[in-house]
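Colleague: Take this sequence and fold it.
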Amino acid sequence: MGYTGAPLSGDSSIATWLDDPVGGAILRDLLAQGGQTPEVFKPVRRLAIKRLVKMSRGAFTQEMLDDLIRRAAAGDVPAGTDAPAADAPAAPEGASAANAPVSGEAVALREWTERIDSGRFSGRTVIVTGAGSGIGRAAASRIAREGGRVIAVDMSKERLDEVVAEHAGTGMEAVVADITDDEAVARIVAAAGDTIDGLANIAGIMDDMTPVAEMSDAVWQRVFRVNVDGTMKLMRAVIPIMLAQGGGSIVNTASEAALRGSAAGAAYTASKHAVVGLTKSSAFMYGPSGVRVNAVAPGATITNIQATFASPLGAERVQTAMASMPDAAEAEAVAASITFLLSDDGVNVNGVVLASDGGWSAA
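Modeller: As a prediction, this is how the structure comes out:
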């Protein structure tokens, strides 16, 4: 996305800021002060810069953004940085990145904004695992803000306390639990009570990108224990309740790795294929009884799950395949797909694997 000469604002993308002679100089200087380079923005270049306020969790504040915008408007180029050339391209009067013509230079993309559907989950109790961070946190937040009673499940009490405090007054309840433990699963179900309208199985872990010939038993068993056993145990626990009440909705978290073999190591890829199998089998078995079971397959998402590469072969092959990967999405964007399937908006959808991956699976 090239330099447009349009005034910079919080709605301007990070790429637009970096491409702007003044804004780019200021932003690069700010990064350098923290020992970082613009490469840190590579996965999120298309996002509006204001998104960093929330995503950085305090590292980039609203005050810092306001100061950035003020300095850019004033042409306050950092000392030691060349000022923009006198003949730098300028946008025609009244032009902006949003209305620039499509001609050789990319126009600014419309920014997605989360739109809360007030009351969509009113009177509903929904269990959300992995609710302390990432996609789970975003899904729990959206359900709560749309009127649902959320049983927020995570291994971290600190993270759960934080998310529940952010949603005081919504009826969100925290349950610190390991979804692989039967006793813990029983506590989750007990906290939900006699009616469970939805289950969002979002908790999961990544592998270390190892191919099968290099796979350790420890990695294989740990990944399957969380991604498959934990998912199955909660499904097994809630489905009888849903059947007794006449229906319910379950959304499992698969992955781009459930759709192809090039997105992760053998353990994670196999585990997410297994989640798809659980989803389709359960949808077939229980659909006629009113229980819908679907899966979302996220692509690159900004979460706290970090990929590690324990295998040179795995690193080479996966990183090569990721060359066609779209930019990472915010967790809220994937949560929008999950809450659609959980809600009555997905009434006629059962047994699907919804790729929420920015089109990666279409490549």
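Colleague: Now do stretch 167-176, average pLDDT.
Modeller: Stretch 167-176 carries an average pLDDT of 95.
Colleague: Pull out the buried positions in it.
Modeller: Across stretch 167-176, burial judged by 16 or more other C-beta atoms under 10 Å covers His167, Thr170, Met172, Ala174, Val175, Val176. For every residue, glycine as well, the C-beta is placed using N, CA and C.
Colleague: quick one: that stretch to chain centroid distance?
Modeller: Remark: stretch 167-176 is offset 21 Å from the chain centroid, using C-alpha atoms, centre = their mean, to the nearest Å.
Colleague: next helix or strand past the longest helix along the chain?
Modeller: Across the chain, the longest stretch assigned as helix under DSSP state H is helix 266-286. Downstream of helix 266-286, the first helix or strand assigned by DSSP states H and E is strand 291-298.
Colleague: Apart from its neighbours in sequence, what residue is nearest Leu271?
Modeller: No, residue 271 isn't Leu; it's Ser. Closest residue to Ser271 in three dimensions, ignoring its sequence neighbours and counting by C-beta to C-beta, 6 or more residues apart in numbering: Asn227, at 3.9 Å.
Colleague: tally of neighbours for Asn294?
Modeller: 25 (other C-beta atoms under 10 Å).
Colleague: And the nearest residue to it once chain neighbours are set aside, which helix or strand is it part of?
Modeller: If you skip the residues right next to it in sequence, Asn294 has Leu341 as its closest partner in space, 4.6 Å away by C-beta to C-beta, 6+ apart. With secondary structure defined by DSSP H and E, Leu341 is part of helix 331-342.
Colleague: what's the spacing between that helix and its chain's center?
Modeller: Centre to centre, stretch against its chain (C-alpha atoms, centre = their mean), the figure for helix 331-342 is 9 Å.
Colleague: Look up the pLDDT of the closest residue to Pro38 other than its chain neighbours for me, please.
Modeller: The shortest distance from Pro38 to any residue other than its chain neighbours is 5.6 Å, reached at Leu18 (C-beta to C-beta, 6+ apart). Leu18 is assigned 90 on the pLDDT scale.
Colleague: How much space separates Leu18 from Met64?
Modeller: Going from Leu18 to Met64 by C-beta to C-beta, to the nearest Å gives 16 Å.
Colleague: Of those two, give the one with the bigger neighbour count.
Modeller: Using other C-beta under 10 Å, the more surrounded residue of Leu18 and Met64 is Leu18, with 19 against 14.
Colleague: Does that one touch Val44 like I think?
Modeller: No. When contacts are counted by C-beta atoms under 8 Å, Leu18 is not listed as touching Val44 (11.5 Å).
Colleague: Now do stretch 232-243, average pLDDT.
Modeller: Stretch 232-243 comes out at a mean pLDDT of 98.
Colleague: what are the phi and psi values for Arg149?
Modeller: Torsion angles at Arg149 (phi, psi; degrees, to the nearest 10) stand at phi -90, psi 120.
Colleague: where along this structure do the strands fall?
Modeller: 125-129, 149-154, 173-176, 198-201, 248-253, 291-298, 301-302, 329-330, 353-356 (DSSP state E).
Colleague: I'd like to know which of those lies nearest to Glu114.
Modeller: strand 329-330 (8.9 Å; C-beta to C-beta).
Colleague: how close does Ser12 get to Gly24?
Modeller: As judged by C-beta to C-beta, Ser12 and Gly24 stand 11 Å apart.
Colleague: ok, those two, which is more surrounded?
Modeller: Between Ser12 and Gly24, counting by other C-beta under 10 Å, Ser12 is the more crowded of the two (26 against 21).
Colleague: Tell me the spacing between that one and Leu47.
Modeller: Distance from Ser12 to Leu47, by C-beta to C-beta: 10 Å.
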